[in-house]
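In: based on what follows, work out the 3D shape:
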Amino acid sequence: MASIKFFLKAPQASKPTLIYMYFMIGNERFKLSTSRKILPENWDQEKQQARRRHTGYAELNIYLNTISVEAEKAFN
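Out: The predicted model follows:
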């Protein structure tokens, strides 16, 4: 089973930074860019999603959920 998490490329940045998807399958780790950026202050690291104050947060969170589900389907 795949383990999937999202992290910011530069969590201390003052400008929007890329969101990366990390996933682990067995003993192998993979890191992929989601091609989406967000200001670190608008990112909830615990929930691994955009906060409500981010413009377009719902669409971004749906996108992240979708790619997470698709990655799990592909590797399980």
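
In: the strand ranked longest in the chain pairs with which strands?
Out: Secondary structure of the chain per DSSP state E: the longest strand is strand 28-38. Sheet pairing for strand 28-38, assigned by DSSP bridges, gives strand 17-25 (antiparallel).

In: what residues are up against the closest residue to Phe23 other than its chain neighbours?
Out: Of all residues not flanking Phe23 in the chain, Ile4 sits nearest, at 4.5 Å (Cβ to Cβ, 6 or more residues apart in numbering). (Each C-beta comes from the backbone N, C-alpha and C, glycine too.) By Cβ atoms under 8 Å, 6 or more residues apart in numbering, the residues touching Ile4 are 21-23, 68, 71-72.

In: could you do Thr66 as well?
Out: Contacts for Thr66 were tallied using Cβ under 8 Å, 6+ apart; there are none.

In: local confidence estimate at it?
Out: What the model reports for Thr66 is a pLDDT of 97.

In: quick one: distance of the helix or strand harbouring it to the chain centre.
Out: In the assignment (DSSP states H and E), Thr66 maps to helix 57-75. Averaging C-alpha positions (Cα atoms, centre = their mean, to the nearest Å) puts helix 57-75 9 Å from its chain's average.

In: same question for stretch 20-27.
Out: With Cα atoms, centre = their mean, you get 12 Å for stretch 20-27.

In: report the buried residues of stretch 49-61.
Out: For stretch 49-61, burial by neighbour count (16 or more other Cβ atoms under 10 Å) applies to 49-50, 54, 57, 60-61.

In: just give me the closest of those residues to Thr34.
Out: Thr34 lies nearest to Leu60 out of these, by Cβ to Cβ, at 9.0 Å.

In: and the nearest residue to the closest one once chain neighbours are set aside, what does it touch?
Out: Distances taken as Cβ to Cβ, 6+ apart place Ala50 nearest to Leu60, at 4.6 Å, with adjacent residues excluded. By Cβ under 8 Å, 6+ apart, the contact set of Ala50 is 38, 42-44, 56-57, 60-61, 64.
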